[in-house]
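Asker: What would the 3D arrangement of this be:
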Amino acid sequence: MFDASAPAAPLSLEAVALTLPSTAGPVEILRGVDFAVGAGERVAVVGPSGCGKSSLIAVAAGLERPTRGRVRLLGQDLSALDEDGRARLRRGRVSLVFQSFHLLPNMTALENVATPLEIAGERHAARTARAWLDRVGLGARRGHYPHQLSGGEQQRVALARALAGNPALLFADEPTGNLDAESGAIVLALLRNLPGRAVVIVTHEPEAAGGADRVLRLSDGRLASERGTVGWSAP
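Answerer: Numbers count the residues shown, from 1 in each chain. Next up, the predicted model:
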């Protein structure tokens, strides 16, 4: 079991709570969440739709400030950073993959992967992008635009884009939610073969948790249980 106090932890949450306003009054989304992710560890957070999994990702990645508690990302206390500081911390070190692929429609697959690298100052952005598209099995499709690709292919482009910068930590928010079973299995196989990177995947599909080092169940804003992957079958 990973020691949450270890300084090398890419991510740790301590008593994190998130309350958001609504027309019916304040809504408690997260209620005292504690967990940590070790270097190279794969953690799956499972639970039904609407239980707070996406909010957990947003808080853990510094996209949303918690109401209470502390988040440490790559050793930095996020409460000490403003929005620009959190963005700088994530840049090149933390990547996110979403259920909706967020590809730029007027760019080819190669350009979608290479452009963030170019912005980051990568000298060999196109070469790196080609290598990652080859790795996700889309080398022959690198000149295609998103509308010319299937949903599974678009998600693989998004995954190549997320990984091309060699991040230490990858968040995947329902990465197979819009995919058919075959495409989802391909994406999950890629997510399971990322040695050296910490991965946090949130999903309402038990199959997507297969291969994780730990499975956490989120219920009513709380982590209700923690266990290994016994009983969770990979597709």
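
Asker: Let's verify the residue positioned nearest the centre of the chain: helix, strand, or coil?
Answerer: The residue lying closest to the centre of the chain (Cα atoms, centre = their mean) is Phe171, at 1.3 Å. When classified by DSSP: H, G, I helix; E, B strand; the rest coil, Phe171 comes out as strand.

Asker: I figured it hits Val59, correct?
Answerer: No: using Cβ atoms under 8 Å, Phe171 is not in contact with Val59, being 10.9 Å away. C-beta: built from backbone N, CA, C; applies to glycine.

Asker: Name the nearest residue to Gly139, ignoring sequence neighbours.
Answerer: Leu133 (5.4 Å; Cβ to Cβ, 6 or more residues apart in numbering).

Asker: Glu153 versus the one you found, what's the distance?
Answerer: When Cβ to Cβ, to the nearest Å is applied, the distance between Leu133 and Glu153 equals 10 Å.

Asker: for the residue nearest to Gly139, helix, strand, or coil?
Answerer: Under three-state DSSP, Leu133 falls in the helix class.

Asker: One more: Arg70?
Answerer: Look at Arg70: counting by three-state DSSP, its state is strand.

Asker: give me every residue that touches it.
Answerer: Each residue near Arg70 by Cβ atoms under 8 Å, 6 or more residues apart in numbering is listed here: 13-16, 77-79.

Asker: Among these, which ones are in helices?
Answerer: Of these, none are assigned to helices by DSSP state H.

Asker: before we move on, back to that, Leu133 and Glu153: who's more crowded?
Answerer: Leu133 (24 against 21; other Cβ atoms under 10 Å).

Asker: Model confidence score at the more buried one, please.
Answerer: Per-residue pLDDT puts Leu133 at 96.

Asker: Number the residues from 31 up from this point.
Answerer: Fine by me, first position is 31 from now on; the one you just mentioned is Leu163.

Asker: excluding its backbone neighbours, what's nearest the residue nearest to the centre of the chain?
Answerer: Setting aside the residues directly before and after it, Phe201 is nearest to Leu126 in space (Cβ to Cβ, 6+ apart), at 4.7 Å.

Asker: Ala192 is in contact with the one you found, correct?
Answerer: Yes: contact criterion Cβ under 8 Å: Leu126 and Ala192 qualify, at 6.7 Å.

Asker: picking up where we left off before, which among the contacts of Arg100 count as buried?
Answerer: Buried members of these, scored by 16 or more other Cβ atoms under 10 Å, are 43-44, 46, 108.

Asker: angle of the longest helix seen in the chain against strand 199-203?
Answerer: Counting by DSSP H, the longest helix found in the chain is helix 181-194. Orientation of helix 181-194 against strand 199-203 (axes from the mean of the first three to the mean of the last three Cα atoms, to 10 degrees) gives an angle of 160 degrees.

Asker: what helices or strands is helix 181-194 leaning on?
Answerer: strand 124-127, helix 139-149, helix 155-165, helix 211-222 (3 or more Cβ pairs under 8 Å, 6 or more residues apart in numbering; DSSP states H and E).
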